[in-house]
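Asker: quick one, fold the following:
(2 chains)
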There are 2 protein chains.
Amino acid sequence: MKKCRICGKPAEVFLISRNLALCRRDFVENFEKRVEKTINKFRMADRGEKILVAVSGGKDSLALLHVLKKLGYRVTGYHINLGIGQYSHESLKKVLDFQKKEGIEIIIENVKEEFGMGIGEISKLLRQPTCSICGTIKRYMFNRTAGSFDVIATGHNLDDEAATLMGNVLNWQIEYLARQYPVLESKNNLKKKIKPFVFMSEYETATYAFLEDIDYIVEECPYATGAKSIFYKGILNRVEDRMRGTKIHFLSGFFKQRGRFVSQEKRTELKPCIKCGYMTTSNICQFCRIKEKINNKKGGNHERNFLQNQ
Amino acid sequence: MKKCRICGKPAEVFLISRNLALCRRDFVENFEKRVEKTINKFRMADRGEKILVAVSGGKDSLALLHVLKKLGYRVTGYHINLGIGQYSHESLKKVLDFQKKEGIEIIIENVKEEFGMGIGEISKLLRQPTCSICGTIKRYMFNRTAGSFDVIATGHNLDDEAATLMGNVLNWQIEYLARQYPVLESKNNLKKKIKPFVFMSEYETATYAFLEDIDYIVEECPYATGAKSIFYKGILNRVEDRMRGTKIHFLSGFFKQRGRFVSQEKRTELKPCIKCGYMTTSNICQFCRIKEKINNKKGGNHERNFLQNQ
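Answerer: Sure, this is the predicted structure:
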């Protein structure tokens, strides 16, 4: 039987990519130390700052909220009810249970209140890809709610980031490569953005959530079926199976080289949306455009201003 | 039944990644045109220049020698008998048959004559990885023989190059990325190096060889079993299966971005090997070191100078 490398007691967790066997207690401690180390390395936040953590109800985001609180950071959660049938109901339930159990404030907002319909119906009505619509809406609402916070955090893990990197590299999407980093400094009216789990594998965040008794939604979003990100994760797992440590080297090696992709040319100038004040490349931001289109098609209203919440 | 997109006759070849059906004659013509286009695009060679083509006996290298001759270039082949048992016997036989049939001069050299033993035995004796030893020896001998030629050409195809790129990117090997290009200009006493098949897939070169009645060795080198390059090819084929055109976009997109990897720092200075004159980073080149080590272990001789052949 394997023994914990730290205390010598029977191991319960074996991290293949790091060839490391640990007991339950030392795994949790090691996990938390590594998250803290990532936060410090990239100067993500200090304990005086107010952090808004996006929570979907899945393992990564709930584990992130949990570990940040445990490490002594000032955290608030933020959940968007996307209005995607049973999936959203279940997600909300997990978030509410977590809130009750852990005593962490979680702000909850609702896409249906905003648009009069859920993500699926919006996508159908506007004939635009669901994941793209959903990304735009979530980003906007998250930024809007972040008004009184210093930092916003998401639970993207190593597998997510390595898969994104794979897609960006296969297509040499230079602008995306230039912006893929564990911390993006505040700019215009957008808050500083951090990803403290960037070096923690999906297996590690799931194990941590399990050992810390966090109940999360296991199902993927029904619209994610067949997503490229999932495909790239599978590809990277195959490479990892053969060459241990590939994912972490691929990603951390990239971070050292990222400067090569940051162009010297002037980036597109952003200006405030004439409707809501959100920074955008055109006159009206994507979010207000979605609203306009829905209003045109259905004759709704639901006006609310980005700046009012800021 | 599919019809040839060019002449409308029944198609015999279907190129999935380009969604292109062609008859036998138009495939061959299209293949040759694209090779010519690659040569012109990267200014690889003109018809006055003498090209030495490395031929292993496999489909790519024999097809390259064949197509370059057909396109009117001044070509000579160069084959090294690596002394790898049955594999090398078969390879040599294919090369000799090809030479006879096509009437193209092919220079043949022999690792056993050079070192008194084949690649396998050298690797065993020196306890160094076979593919690394083989690469060093082939590169050296090829360059040495290239003395009176203007350009040297190899049959690396799209699948080879995309697999190499994948390995270089997963490990962010910046120096290798900086040098991965279809044409490398002449430098020191090394000749200009070209890869005219860089955009032709393995499937295309195999089909071309088949349709042009080129008999080649199908077996891979026995030492290549389990090679990383073969693994990466498999990975890329999986991605290609799902997203047609990935390989070509990955590679051609990289060529546009390659400048980002060329460092401004001074490259390591090369100087002539004190034994043979071959340009190297240390006093004695890798090839002469292999010779020395073998002589020390076995007490051989076989001295021959790089510059004598130049």
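Asker: give me every residue that touches A:Phe149.
Answerer: By Cβ atoms under 8 Å, 6 or more residues apart in numbering or on different chains, the contact set of A:Phe149 is A:50-52, A:76, A:191. Where you see a C-beta, it was placed from the backbone N, CA and C, and this is true even at glycine.
Asker: do A:Arg5 as well
Answerer: Applying Cβ under 8 Å, 6+ apart, the residues near A:Arg5 are A:11, A:20-22, A:26.
Asker: helix, strand or coil: sort out it for me.
Answerer: coil (DSSP: H, G, I helix; E, B strand; the rest coil).
Asker: if I look at it, what pLDDT would I see?
Answerer: Looking at A:Arg5, its pLDDT is 95.
Asker: give me the distance between it and chain B.
Answerer: A:Arg5 sits 27 Å away from chain B, taking Cβ to the nearest Cβ, to the nearest Å as the criterion.
Asker: name the nearest residue to the residue of the stretch 101-250 of chain A found nearest chain B, ignoring sequence neighbours.
Answerer: Nearest residue of the stretch 101-250 of chain A to chain B: A:Trp172, at 3.7 Å (Cβ to the nearest Cβ). Of all residues not flanking A:Trp172 in the chain, B:Gly253 sits nearest, at 3.7 Å (Cβ to Cβ, 6 or more residues apart in numbering or on different chains).
Asker: what's the burial count for that neighbour?
Answerer: B:Gly253 sits with 17 neighbouring residues when counted by other Cβ atoms under 10 Å in any protein chain shown.
Asker: right, and A:Tyr292 touches A:Ile284 too?
Answerer: Residue A:292: Glu, not Tyr. Yes. Contact status for A:Glu292 versus A:Ile284: in contact at 7.3 Å, counting by Cβ atoms under 8 Å.
Asker: and the two? Which one has more around it.
Answerer: Neighbours were counted for A:Glu292 and for A:Ile284 using other Cβ under 10 Å; A:Ile284 has more, 15 against 12.
Asker: isn't there a helix covering the more buried one?
Answerer: No. Counting by three-state DSSP, A:Ile284 falls outside a helix, being coil.
Asker: what separation is there between it and A:Pro272?
Answerer: Using Cβ to Cβ, to the nearest Å, A:Ile284 is found at 10 Å from A:Pro272.
Asker: now A:Leu20
Answerer: Going from A:Leu20 to A:Pro272 by Cβ to Cβ gives 49 Å.
Asker: show me where pLDDT drops low in chain A?
Answerer: When residues are selected by pLDDT under 70, those of chain A lie in A:264-267, A:299-310.
Asker: if we go to 80?
Answerer: In the predicted model of chain A, residues A:1, A:188-189, A:226, A:263-268, A:298-310 satisfy pLDDT under 80.
Asker: name the residues that touch the strand ranked longest in it?
Answerer: Ranked by number of residues, the top strand in chain A under DSSP state E is strand A:74-81. Outside strand A:74-81, the residues that touch it by Cβ under 8 Å, 6+ apart are A:47-57, A:65, A:68-69, A:88, A:91-92, A:95, A:99, A:104-112, A:137-138, A:141-142, A:145-146, A:149, A:153.
Asker: with stretch A:100-109 instead?
Answerer: A:52, A:55, A:65-66, A:69, A:75-81, A:92, A:95-96, A:98-99, A:141, A:145.
Asker: ok, of those, which come out buried?
Answerer: Among the contacts of stretch A:100-109, those classed as buried by 16 or more other Cβ atoms under 10 Å in any protein chain shown are A:52, A:55, A:65-66, A:69, A:75-81, A:92, A:95, A:98-99, A:141, A:145.
Asker: buried residues in the host helix or strand of A:Asp241?
Answerer: Following DSSP states H and E, one finds A:Asp241 within helix A:228-242. Within helix A:228-242, the residues scored as buried using 16+ other Cβ under 10 Å are A:228, A:231-233, A:235-237, A:239-240.
Asker: just the closest of those residues to B:Pro222, please.
Answerer: Comparing those against B:Pro222 with Cβ to Cβ picks out A:Val239 as the nearest, at 24.6 Å.
Asker: thinking that closest one is in contact with B:Leu170, fair?
Answerer: Yes. Here A:Val239 reaches B:Leu170: they are 6.9 Å apart, a contact under Cβ under 8 Å.
Asker: so what sits against both of the two?
Answerer: Taking Cβ under 8 Å, 6+ apart as the criterion, A:Val239 and B:Leu170 both touch A:Thr246.
Asker: circling back: tell me how many other residues surround the residue of the stretch 101-250 of chain A closest to chain B.
Answerer: Applying other Cβ under 10 Å, I find that A:Trp172 has 19 neighbouring residues.
Asker: residue contacts, it?
Answerer: Neighbouring residues of A:Trp172 by Cβ under 8 Å, 6+ apart: B:249-250, B:253-254, B:256-257.
Asker: give me the buried subset of those residues.
Answerer: Buried members of the contacts of A:Trp172, scored by 16+ other Cβ under 10 Å, are B:249-250, B:253-254.
Asker: please settle this for me: is A:Ser88 part of a helix?
Answerer: Yes. Assigned with three-state DSSP, A:Ser88 falls within a helix.
Asker: surely it meets A:Ser56?
Answerer: No. If you go by Cβ under 8 Å, A:Ser88 and A:Ser56 don't touch, sitting 9.9 Å apart.
Asker: neighbour count winner among those two?
Answerer: Shown here are A:Ser88 and A:Ser56; by other Cβ under 10 Å, A:Ser88 has more neighbours (25 against 21).
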